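In: Model the structure of this input:
(chains A and B)
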Amino acid sequence: MADARTPEIRIQAVRNWSWKTFFFQWEWLLVVVLLLVVAVNTYLSPFFLALSTFIHTPATFLDKAFIVFPMMMVIILGKIDISVGSTVALSAVMMAVAYNAGLPMPAAIVLCLLVGVLAGAFNGVLIARFKELSFVIVTISTMMIYRGIAYIILGDQASGRFPGWFSLFGWGTVMGVPFMLVAFVVCAVIFGLLLHKTSFGRAIYGMGHNAIACRYSGVNTDRILMTVFTLNGLMAAVTAIFLTSRMGSTRPNVALGYELEVIAMVVLGGVSTNGGIGRIGGPILAVFIVGFLGYGMGLANLQAPIVLVVIGLLLIVSVLALRVRFTIRRKKPVV
Amino acid sequence: MSEAIANSDDTPGSILELRRITKIFPGVKALDDVHFDLRQGEIHGLMGENGAGKSTFIKIITGVHAPDTGEIVIDGRKVEFKSPIEAQRLGVAAIYQHVTCYPDLSVAENIFMGHEKVTGLTRRVDWKAMHGEAQKLLDRLDANFSSRERMGALSVARQQIVEIAKALSTNARIVIMDEPTAALTQHESNELYRITEQLCDAGVSVIFISHRLEDIRRLAQRVTVFRDGRHIGCWPVQEITQDKLVVAMVGREISTMFPKRRIDIGEEVLRVANLTRIGYFRDVSFTLRQGEILALTGLVGAGRTEVCETLYGIARWDSGSVLVEGREVTIEDPLHALRLGIGCLPEDRQRQGLVLPWEIGKNITLPSLRAFSRLYWMDEDRENQAAGELARKLNVKASSIFTRVLALSGGNQQKVVVAKILSRHLKIIILDEPTKGVDVGAKAAIYDIIGDLAEQGYGIILISSEMPEVLGLSDRIVVMKEGRVTAQLETANATQEQILKASMVVDATEAAAEVAAETTADGSGSGE
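Out: Next up, the predicted model:
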């Protein structure tokens, strides 16, 4: 395309491969941390290091991981959604109550997804339509509203007695691999492509850096906000299905604190809460780091609260490491 | 260079002198053997393109950076600043291009930020003394606003006055003003000139940095030019012509800043009739043809930007009509405007125009993502190729389209914004202050681009406060004042005085009548 007649230096349009940039990525640090976690686990239990561990243990922690993908989009947009835990509870309760009221199970599952979509869309519409309302206020409010509705519908009790096949979502396997793990991988591929290969993903990153410039460039910013929040609700409902399937019943207080665990995983994955920065690989690695960490501490007979302390510390240290990396990069003065 | 040395004779009245200053940053020689002197009560203009070393120079005088070699002499004594506070103690103060203020605090609080007036023992803030002192400073500057006003509620011009008051409150004797007029209208600039002169009468010496030749001619006694970190020359202002100054800054002759091209003006592409947005503008009417450059001028705040924002779908109009190629349209949002063929280069390129941390290429294709994707799937090869072509066409100076926009100079950033517009097929382009904060060399390049665009048949609406730009580039001029069109002029027989009168005369209808009598404009200006 470039004609060689003009002698002046022309701006390049081909990206040069650089090993330095390739290895200078946050994800490599996460890989190291994951290997460390695996090493410690192996030390704690001689039975840990086996293929079956890596295939079957993820099912114990993957339920909330489905929300990590859309939450990543929300955080790249520079926003946060803390209503997802409540959305999980509301859609699970709706499904259980609808089934026990006589709705066939497949219809109840569809209803569950629908409730999730509506809950997410409600957040999205409020945030996109009423710019005066901050996303924090909106999602704090709906966090209380959704959980409240779940309590009103079911009261403080459990509901279940699902048909036997429903447990296959959480416990079934496909050619020896847990169905949950398969579903997670499929979602990871879909969301990875959405974020990195489509104009939708491009617009999300752009809005995270500068939403005003995106609006001036003709990006339909309101629609993207609504879509992303709706996706968050949808995936919360997916989580509700897997969680309920694994537990066999549900109550209005399930998935308490899921939103914070999910946000923690996303941030640990290198997604900046300032918006615009983060790739799909990071949060995926973070899901497994946090998951295996919890599993390993179970092996060591450590109590759950200690797991929380460790995850909290890991978060602070990792974000700090992220910052340090940036300061090293920015050392070069611009003048 | 020899001429420069001959001119900088040692005057005994020098309050500040910099001798043989060199400052090297890794990879860049920011200042190279620079000298400079400032006399008591003098206004000394400092000019140079972006990257000429002016910023580093300020930072050395204000003690932010220490020079690698060379010495700073204040009042005949050699000094070495270890911190900005030491420079401040010796009476050096700087007022920066972008006013750094606390918008939610009062004027007095802003003035005394960091050295608040406190009562003796209890160290409580002494509000009475602070407001009294602040009001005294403001009165001294003839500012007609109160020290109790909220900073954020003031215009940029007034905020600048507060900054000057702040400098005075620290008893500054050497005040550095870094492009203070960049965001001001002609009228506000005049006000600033007056205040600056007043400062000098009171014995303060001023280093006045500006891209505008006008500022220097009006204010300065002497002017120093930097280029590529070197001292090019220092001349008394009366002795140097505008052309010579430009040559000194650019290092080459810009013979024709505004190459007047003969462009065939085609069909009407836009007709705006009685457009009204309550509270912003009323009864605005004009037409735009293919290949025509229509200048929309007037003071900042006259409603020019608001008219264009409305045409670009950022805001809605309340009444009136807009016809694009003869068809009446509504414009809901920028996407809608782009689909109708209207593009916009917004006023604030960093906030509205660019995703700064992004690469050049991604920025260029942002408005046309649809064109480079099939069912949302991006075709990155095609995208990069198109972005590369546009960047080349506009001569963006960078090694590749993967360079971050953050790292570019103002002029090159502006070229990227233009490239964004060109990535779509449009008919009408709105350019809102396209040369704001851009150095002389890049300005010429942008003028050239605007000429090219008109030649290609785009209808162009050019918003500008710079009179030479308006007169040099446009075919027709629409002047606005306080939300109304006060004059429509053919550029060929318009004068600077006519435009100024229409944009500043108190009674708009009177001005319109007066100007209408003087010229024959098609689609006459509105009035009541």
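In: Mind checking what secondary structure the nearest residue to B:Arg227 once chain neighbours are set aside has?
Out: Nearest residue to B:Arg227, sequence neighbours excluded (Cβ to Cβ, 6 or more residues apart in numbering or on different chains): B:Ala52, at 5.3 Å. C-beta here means a position set from N, CA and C on the backbone, and glycine is covered the same way. Here B:Ala52 is coil, with the state taken from DSSP: H, G, I helix; E, B strand; the rest coil.
In: Show the pLDDT at B:Ala52.
Out: pLDDT recorded at B:Ala52 is 77.
In: show me what contacts it?
Out: B:Ala52 is in contact with B:226-229, B:249, counting by Cβ atoms under 8 Å, 6 or more residues apart in numbering or on different chains.
In: Tell me where the stretch 101-250 of chain A has strands.
Out: Under the criterion DSSP state E, counting those that start in this stretch, the stretch 101-250 of chain A contains strands at A:173-174, A:177-178.
In: Could you give the separation of the first one from the chain centroid?
Out: I take that to be strand A:173-174. 23 Å (Cα atoms, centre = their mean, to the nearest Å).
In: Run through who's touching it.
Out: A:179, A:182.
In: quick one: average confidence on it?
Out: Taken as a whole, strand A:173-174 carries a mean pLDDT of 90.
In: Walk me through which strands it pairs with, and which way each runs.
Out: strand A:177-178 (antiparallel) (DSSP bridges).
In: which outside residues touch the strand it pairs with?
Out: For strand A:177-178, contacts defined as Cβ under 8 Å, 6+ apart pick out A:55-56, A:58-59, A:171-172.
In: With stretch B:55-62 instead?
Out: Outside stretch B:55-62, the residues that reach it (Cβ under 8 Å, 6+ apart) are A:335, B:16, B:18, B:21, B:23, B:30-31, B:34, B:36, B:46, B:64-67, B:72, B:81, B:84, B:87-88, B:92-94, B:174, B:176, B:178, B:207, B:209, B:226, B:229.
In: Just the buried subset of the residues you listed, please.
Out: Among the contacts of stretch B:55-62, those buried by neighbour count (16 or more other Cβ atoms under 10 Å in any protein chain shown) are A:335, B:16, B:18, B:21, B:23, B:30-31, B:34, B:36, B:46, B:65, B:67, B:72, B:81, B:87-88, B:92-94, B:174, B:176, B:178, B:207, B:209, B:226, B:229.
In: pull the helix or strand with minimum mean pLDDT from chain B.
Out: Every helix and strand of chain B was ranked by mean pLDDT, DSSP states H and E. The lowest is helix B:2-7, at a mean of 41.
In: Would you map the helices across the stretch 1-150 of chain B?
Out: For the stretch 1-150 of chain B, the helices defined by DSSP state H, counting those that start in this stretch cover B:2-7, B:54-61, B:84-89, B:107-111, B:127-140.
In: Please work out which of those is packed deepest.
Out: Comparing the helices of the stretch 1-150 of chain B by mean neighbour count (mean count of other Cβ atoms under 10 Å in any protein chain shown), helix B:107-111 comes out on top with a mean of 26.
In: Would you mind measuring from A:Val74 to A:Leu225?
Out: 9 Å (Cβ to Cβ, to the nearest Å).
In: And the two? Which one has more around it.
Out: A:Val74 (31 against 23; other Cβ atoms under 10 Å in any protein chain shown).
In: what separates the more buried one from B:Lys427, distance-wise?
Out: Distance, A:Val74 to B:Lys427, by Cβ to Cβ: 38 Å.
In: show me what contacts residue 202?
Out: This is for chain A. So A:Arg202 contacts B:362, B:366, B:369, B:378 (Cβ under 8 Å, 6+ apart).
In: please go with chain B instead
Out: With the criterion set at Cβ under 8 Å, 6+ apart, B:Ala202 makes contact with B:Arg140.
In: so who does B:Gln413 touch?
Out: Counting by Cβ under 8 Å, 6+ apart, B:Gln413 makes contact with B:349-350, B:353-354, B:405.
In: Name the residues of the stretch 101-250 of chain A found near chain B, please.
Out: Residues of the stretch 101-250 of chain A lying close to chain B by Cβ under 8 Å from any Cβ of the partner chain are A:197-200, A:202-203, A:206, A:209-210, A:212-220.
In: Tell me where the stretch 301-450 of chain B has strands.
Out: B:319-324, B:327-329, B:342-345, B:373-374, B:377-378, B:428-432.
In: Which one of the ones you listed lies nearest to B:Leu335?
Out: Of all the strands of the stretch 301-450 of chain B, strand B:342-345 sits nearest to B:Leu335, with 10.9 Å by Cβ to Cβ.
In: Which residue comes closest to residue 107 once chain neighbours are left out?
Out: Since you didn't name a chain, this refers to chain A. For A:Ala107, the spatially nearest residue (Cβ to Cβ, 6+ apart) is A:Ala98, at 7.5 Å.
In: I was after chain B.
Out: B:Ser147 (4.7 Å).
In: Verify the stated contact: the one you found with B:Asp139.
Out: No - the pair B:Ser147 and B:Asp139 fails to qualify as a contact (Cβ atoms under 8 Å) at a distance of 9.6 Å.
In: near chain A, which residues of the stretch 51-200 of chain B?
Out: B:55-56.
In: Confirm that A:Val267 sits in a strand.
Out: No - counting by three-state DSSP, A:Val267 falls outside a strand, being helix.
In: Tell me where the chain is predicted with low confidence.
Out: Assuming you mean chain A. Along chain A, the parts satisfying pLDDT under 70 run over A:1-9, A:322-335.
In: try again with chain B
Out: B:1-12, B:26-28, B:50-51, B:97-99, B:250-260, B:300, B:504-528.
In: which one is whatever residue of it ends up closest to chain A nearest to, not counting chain neighbours?
Out: Nearest residue of chain B to chain A (Cβ to the nearest Cβ) works out as B:Gly388 at 2.7 Å. Spatial nearest neighbour of B:Gly388, chain neighbours left out: A:Ala13 (2.7 Å); criterion: Cβ to Cβ, 6+ apart.
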